[in-house]
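Visitor: How does the following fold in three dimensions:
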Amino acid sequence: QVQLVESGGGLVQPGGSLRLSCAASGGTFRSYTLGWFRQAPGKQREFVARISRNDGMTYYADSVKGRFTISRDNAKSTAYLQMNSLKPDDTAVYYCAARLSYSGSGYNPSQYAYWGQGTQVTVSS
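Guide: Residues are numbered from 1 along each chain as shown. Okay, the predicted model is just below:
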């Protein structure tokens, strides 16, 4: 099974950018659909973006569309989340997730079997 480790979080001013990385090991990386989720204090974990395993199709939450970009490098077994024009509302712990299953929409955290430990993103002046 795959293990996931996120990195790249930190403190950034509103309007700034960060790039999160998700390094995978222990599995066939290209076989997994990958997703990014986030969880702010007192809130449920929510979908941010996902990228398909075969054709690399990408999907985004409306709240991040046009600002965030998800990508993957199968040769490096790494996924990325480029975050631009960050807002205070983007403050959360960001999690990378992976799944092998084709069932469901891919937007629900319960549809992902593998998770990283999370990385904190704080957007504040």
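Visitor: Contact partners for the residue sitting nearest the centre point of the chain?
Guide: With distances taken as CA atoms, centre = their mean, the residue of the chain nearest its centroid is W36 (2.0 Å). Contacts for W36 (CB atoms under 8 Å, 6 or more residues apart in numbering) come out as 20, 22, 48-50, 70, 79, 81, 94-97. Quick note: C-beta positions are derived from backbone N, CA and C, even for glycine.
Visitor: and of those, the nearest to Y60?
Guide: Checking those against Y60 with CB to CB, the nearest one is A49 at 4.9 Å.
Visitor: So for the closest one, what's the nearest residue that isn't a sequence neighbour?
Guide: The spatially closest residue to A49, leaving aside those adjacent along the chain, is I70, at 4.0 Å (CB to CB, 6 or more residues apart in numbering).
Visitor: and the gap between the one you found and I51?
Guide: For I70, the distance to I51 equals 5 Å [CB to CB, to the nearest Å].
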